[in-house]
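# Got a sequence here, can you build the structure:
(2 chains)
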2 protein chains.
Amino acid sequence: MAESMSLLSGAGSCPCWRVMLTLEEKNLQGYRHKLISFEKNEHKSQEVLELNPRGQVPVFKYGDIVLNQSAAACLYLENQFKSQGTKLIPDDPAKQAMMYQRMIEGLGLTEKLNWVVHYEFLVPEGERHEAAQQRHRDALTTELKLWEGYFENVAEGSYLAGPFSLADVVGFPNAAYAFHFGLSPERYPKMAKYYNLLKDRPSIKATWPPKYLESGQGLKDF
Amino acid sequence: MAESMSLLSGAGSCPCWRVMLTLEEKNLQGYRHKLISFEKNEHKSQEVLELNPRGQVPVFKYGDIVLNQSAAACLYLENQFKSQGTKLIPDDPAKQAMMYQRMIEGLGLTEKLNWVVHYEFLVPEGERHEAAQQRHRDALTTELKLWEGYFENVAEGSYLAGPFSLADVVGFPNAAYAFHFGLSPERYPKMAKYYNLLKDRPSIKATWPPKYLESGQGLKDF
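Numbering: from 1, shown residues only, chains lettered A, B, ... in the order given. Below you'll find the model as predicted:
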């Protein structure tokens, strides 16, 4: 199965990590994986543009099917390989609702993290404003406090929506990204607990972004 | 079933419309529906904040379950009421992949539309830049051209991913929003065809935003 799958991804990107995690959890190892370099602008290469005219990764291909939105790829893979590997969408109605809710909310947290970490990359020099930057920082703080509540009851085997699910496929890369860029584990102890509970999970270790071995600075005063 | 459901929504909001459409398509009429006014800042009222600390709508409640992300609510409702009303996630693998892809892409189109239509609302006066506004306009044009391609083969009964699906639950409100705000149907004839094929669908007529009866101006030169 996995032999007819391929993934173009960029190191350290939360959306790419989501798809890699899902493939691991569904026992779909052995797909063709190509890491592209954002620094060398390879996401705007012909190879990517042919499959995704927006010039973004991840791009997941399975036979003739192309999925270039990470949430779409994750939902699709879970639905196509339901009985294989980890069940990533719970059957229990309350847990399922929580799973969809946290999964989609997680996409928003990634954006809020990016706005703070990459403000200077996202906004051209002449258009930057301290007030705007401060608003992004305040919005991220509000959001992180909300998530701190979501992590309140995490424990071994019970994560954002019960057993490991698509909520964590989105949620864990966010937590890892935040701590990698310097978020204070003392200030966000529940997120830190969640991170520590999951960081050695085999799917996560197998897909850990090489660049996360050094630490970043973008959230060092958070 | 629908008696234990309630929805807080704001008129003309694409995310709210998605949930209303899904409820109609799943034959879940009869839920308690409260329209809140953005103009009166009711999305920041206690009633909303208690269910959604971000102060945003839609907020969908079903017994003790609260879903305040429209995509999460739509996915949840389809999964809980699979055999009731319209089947909104196709079984066929290629159509299902397309459905997830267009559904999630559609969330991005809504954002790009909002950046152009509501730029002055989203960016405080002292921080507005013509260059930024132009970038948003260019990004929207690029995106709309991409969608024009997605609408290439629409026909009666065959929409963004085959029969009416969650891709259209997200896609149709985007098209209606764009034309309401003045997008030129001559310049986007395939999107216009899609719009005309679906505008009289019962679920869509039943949920048509009252304020769309007059037309807006934000995209009048698009």
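
# per-residue confidence at the closest residue in space to A:Gln80 that isn't next to it in sequence?
Leaving out its chain neighbours, the residue that sits closest to A:Gln80 by C-beta to C-beta, 6 or more residues apart in numbering or on different chains is B:Pro93, at 6.1 Å. Glycine gets a C-beta too; all of them are placed from N, C-alpha and C. Predicted confidence (pLDDT) for B:Pro93: 97.

# ok, B:Pro93 touching A:Asp64?
No: judged on C-beta atoms under 8 Å, B:Pro93 makes no contact with A:Asp64 at a distance of 10.1 Å.

# Those two: who's more crowded?
Using other C-beta atoms under 10 Å in any protein chain shown as the criterion, B:Pro93 and A:Asp64 rank with B:Pro93 on top: 14 against 8.

# Now do the phi/psi pair for the more buried one.
Main-chain torsions, B:Pro93, degrees, to the nearest 10: phi -50, psi -40.

# What of A:Ala11?
Dihedral pair for A:Ala11: phi -60, psi 130, per degrees, to the nearest 10.

# Equivalent analysis for A:Thr86, please.
Dihedral pair for A:Thr86: phi -70, psi 140, per degrees, to the nearest 10.

# Excluding chain neighbours, give the residue nearest to it in space.
A:Glu25 (4.2 Å).

# Repeat that for A:Leu67.
A:Leu67's closest residue in space is A:Ala73 (C-beta to C-beta, 6+ apart), at 4.0 Å.

# what number of residues lie near that neighbour?
Neighbour count of A:Ala73, defined by other C-beta under 10 Å: 29.

# Let's see the pLDDT reported for it.
pLDDT recorded at A:Ala73 is 98.

# That one should be in a helix, yeah?
Yes: membership of A:Ala73 in a helix is supported by DSSP: H, G, I helix; E, B strand; the rest coil.

# Make sure it is actually in contact with A:Val19.
Yes: if you go by C-beta under 8 Å, A:Ala73 and A:Val19 touch, sitting 4.9 Å apart.

# Show me the common contact partners of these two, please.
The contact sets of A:Ala73 and A:Val19 overlap at A:58, A:60 (C-beta atoms under 8 Å, 6 or more residues apart in numbering or on different chains).

# residues in chain A within reach of chain B, list them.
Residues of chain A lying near chain B by C-beta under 8 Å from any C-beta of the partner chain: A:53-54, A:62, A:64-69, A:71-73, A:75-76, A:79-80, A:89, A:93-94, A:96-97, A:100-101, A:103-105, A:108, A:124, A:126-127, A:129, A:131-132, A:146.

# run the last query once more with 7 Å
Residues of chain A lying close to chain B by C-beta under 7 Å from any C-beta of the partner chain are A:53, A:65, A:67, A:69, A:71-72, A:75-76, A:79-80, A:93-94, A:96-97, A:100-101, A:103-105, A:127, A:129, A:131-132, A:146.

# In ChimeraX, how would I select just the buried ones from these?
Of these, the buried ones go into a single ChimeraX selection, burial set by 16 or more other C-beta atoms under 10 Å in any protein chain shown:
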select /A:65,67,69,71,72,75,76,79,80,96,97,100,101,103,104,105,132
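
# for stretch A:136-155, what is the average pLDDT?
97.

# Now do the same contact list for A:Glu25.
Going by C-beta atoms under 7 Å, 6 or more residues apart in numbering or on different chains, A:Glu25 touches A:85-86, A:88, A:203.

# try 6 Å this time
Neighbouring residues of A:Glu25 by C-beta atoms under 6 Å, 6 or more residues apart in numbering or on different chains: A:85-86, A:203.

# how about TSV for these, with pLDDT and neighbour count added?
Putting those into TSV (pLDDT from 0 to 100; neighbours: other C-beta atoms under 10 Å in any protein chain shown) gives the following:
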residue	pLDDT	neighbour count
A:Gly85	98	18
A:Thr86	98	19
A:Ser203	98	22
